[in-house]
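In: Could you look at this predicted model? Sequence included:
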Amino acid sequence: MPTTVSDLTLSTTTINTMSNGKIVQIQSEELQQQANHVQIHTFNRNFLNKNKKEAQFIVKYRNKYYDIERFVRNHPGGVNTLRGLYDGDMTTRFLHAPPHSDAAMYLMKEYEIKPQLIQLQNGVKRRHHLQPIPIDREQEQTLDAATSLNGVELIADAGQEDKNNNQLDESMEHLVDWSKAMVPQISHITRYYDEWVHKPVDRPLRLFGPSYLEVFTRTPWWLIPLFWIPVISNCIWDEYTEKWSTASMSRLMIFAINFIAGTIFWTLLEYMLHRFVFHMKINANTKPWLCTFHFVIHGLHHKVPFDSKRLVFPPLPGVIIATVIYKPISFLLPYPRIVLAGALLGYICYDLMHYYLHYGNPSLQRTRFMYHMKRYHYQHHFAHQDMGYGISSPLWDMVFNTRIHLRQLRFPLRWR
């Protein structure tokens, strides 16, 4: 039975009758140790219980506590791999799991539960660098022992060396102020931008200060088909009424070929944009405006990958890109609007599929292709940012040798 404060009645002395009848008063070191044990144990459990009022999934890793409730369904490894970790010590399982990437370890810091007691450094409260009041080694061992009484699994050797990159990265979030608009700040961190933007966080992001600008940067998934399907219909109708007044089987075949060609053209364009524009190389010599441009069009998605309103492309910049692409093909192709309609349909499928890959629960049995693409895309986000540029298909990754090879799993993953 777990030991709690109510289970113990403590006294400062114990009366012990010796064999010779002499009564002696003995200071009980054992009871004193139990008192210390209960004190640490009480602090630990009260702290967790206080956080459980707001959080529902608390785990322990290397003597720190993490609330991963809002991360569970976004876990790239699925919810079933987290089974049995609730209110438990995951250190052993973590150390014996396949290696976690730098990005995954950095993200983990987002869910750490910070104790209320904070040690000030030189009397100054520093943002992002507050440290809890340290507990000495003896207290730490007592705290672990108290935790074990509640059925929490402990590692056999807490000091064992990691064999698979499971150390927590130092935070880089002091480079920016997350309480302010991000766009004006990006130009000041160009030197560190490429490393910073590939270290994901799970927190609210605001791009612009004025609300009339910010509203255009957040897009629900359903707005994409709502906006673009009428555009596609208009392109087809205009082309049909202008050149296809007398329909025939041969003309319909030409229509279908051009439409399919436009869809295939989109898959190549998707790959090229993602690889050479969205993942352009940013370094200390890059122009600050170009760094800001990169963050707005794609960098923000890698920085805050779980923001559901930033998973699809806003219509306004989408119109600009579509216009730029349409101009040259209007001079080169005989039926440019049909090709554009096919490309826009491919784009709609891409954007909706991208949203589903982040928030859907594809099944290996029923939706095998989507299941593999979800794993594929998560590998791009958290392990291989320089590979796996295909979202709707890995076709062009195979053609250009940037394909991510997924390892075989012993059991299928679930994300719900």
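Out: All right, it came through fine. Bear in mind the structure is a predicted one, so any value in this text is a computation, not a measurement.
In: Just give me the neighbour total for the residue nearest to Pro336 when sequence neighbours are not counted.
Out: With C-beta to C-beta, 6 or more residues apart in numbering as the criterion, Pro336 has its nearest non-adjacent residue at 4.3 Å, and that residue is Ser330. Quick note: C-beta positions are derived from backbone N, CA and C, even for glycine. Residues contacting Ser330 under the criterion other C-beta atoms under 10 Å number 12.
In: Then the one 4 residues further on?
Out: Residues within reach of Pro334, counting by other C-beta under 10 Å, total 9.
In: looking at this, it is in a helix?
Out: No: counting by DSSP: H, G, I helix; E, B strand; the rest coil, one finds Pro334 to be coil, located in no helix.
In: hmm, back to that, relative to Val339, how far out is the residue nearest to Pro336?
Out: Note on Ser330: its distance to Val339, by C-beta to C-beta, to the nearest Å, is 9 Å.
In: residue contacts, the closest residue to Val277 other than its chain neighbours?
Out: Distances taken as C-beta to C-beta, 6+ apart put Ile297 closest to Val277, at 7.3 Å, once the chain neighbours are dropped. The neighbours of Ile297, taking C-beta atoms under 8 Å, 6 or more residues apart in numbering as the test, are Val277, Phe278, Pro317.
In: Which per-residue confidence value corresponds to Ile297?
Out: Looking at Ile297, its pLDDT stands at 94.
In: Likewise for Tyr111?
Out: On pLDDT, Tyr111 comes in at 93.
In: How many residues are close by it?
Out: Neighbours of Tyr111 using other C-beta under 10 Å come to 19.
In: any idea which element the closest residue in space to it that isn't next to it in sequence lies in?
Out: Among residues not flanking Tyr111 along the chain, Tyr66 sits closest, at 4.4 Å (C-beta to C-beta, 6+ apart). Using DSSP states H and E, Tyr66 falls within strand 64-67.
In: show me where pLDDT drops low in the stretch 51-200 of the chain?
Out: Flagging of the stretch 51-200 of the chain using pLDDT under 70 yields the residue ranges 51-55, 116-169.
In: Please apply the same query to the stretch 251-400 of the chain.
Out: Within the stretch 251-400 of the chain, the set of residues satisfying pLDDT under 70 is empty.
In: ranges for the helices of it?
Out: 288-294, 300-303, 315-332, 336-359, 368-382, 395-399 (DSSP state H, counting those that start in this stretch).
In: can you check the stretch 101-250 of the chain too?
Out: 102-108, 137-148, 183-186, 190-197, 211-214, 223-243, 249-272.
In: Contacts for the third one next, please.
Out: In other words, helix 183-186. Val176, Asp177, Tyr193, Leu207, Phe208, Gly209, Pro288, Cys291, Thr292, Phe295, Val296.
In: The third one against Met280, yeah?
Out: It stands for Tyr193. No: using C-beta atoms under 8 Å, Tyr193 is not in contact with Met280; the gap is 11.4 Å.
In: Quick check: the two most widely separated of the contacts of helix 183-186?
Out: Greatest spatial distance among the contacts of helix 183-186 (C-beta to C-beta): Tyr193 and Gly209, at 20.3 Å.
In: between the two, which one's more packed in?
Out: Remark: of Tyr193 and Gly209, Tyr193 carries more neighbours, 23 against 12, as counted by other C-beta under 10 Å.
In: CA atoms of stretch 66-80 as CSV?
Out: Taking Å, rounded to 0.1, in the frame of the first residue of the first chain, the C-alpha atoms of stretch 66-80 are listed here in CSV:
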residue,chain,number,x,y,z
TYR,A,66,6.3,16.8,-18.0
ASP,A,67,2.7,17.4,-18.9
ILE,A,68,2.3,15.9,-22.4
GLU,A,69,-1.5,16.0,-22.6
ARG,A,70,-1.6,18.4,-25.6
PHE,A,71,1.2,16.5,-27.3
VAL,A,72,-0.1,12.9,-27.0
ARG,A,73,-2.2,13.0,-30.2
ASN,A,74,0.6,14.9,-32.1
HIS,A,75,3.2,12.3,-31.1
PRO,A,76,4.9,11.2,-34.3
GLY,A,77,5.2,7.7,-32.8
GLY,A,78,1.5,7.4,-32.2
VAL,A,79,-0.6,7.3,-29.0
ASN,A,80,-0.2,3.5,-28.6
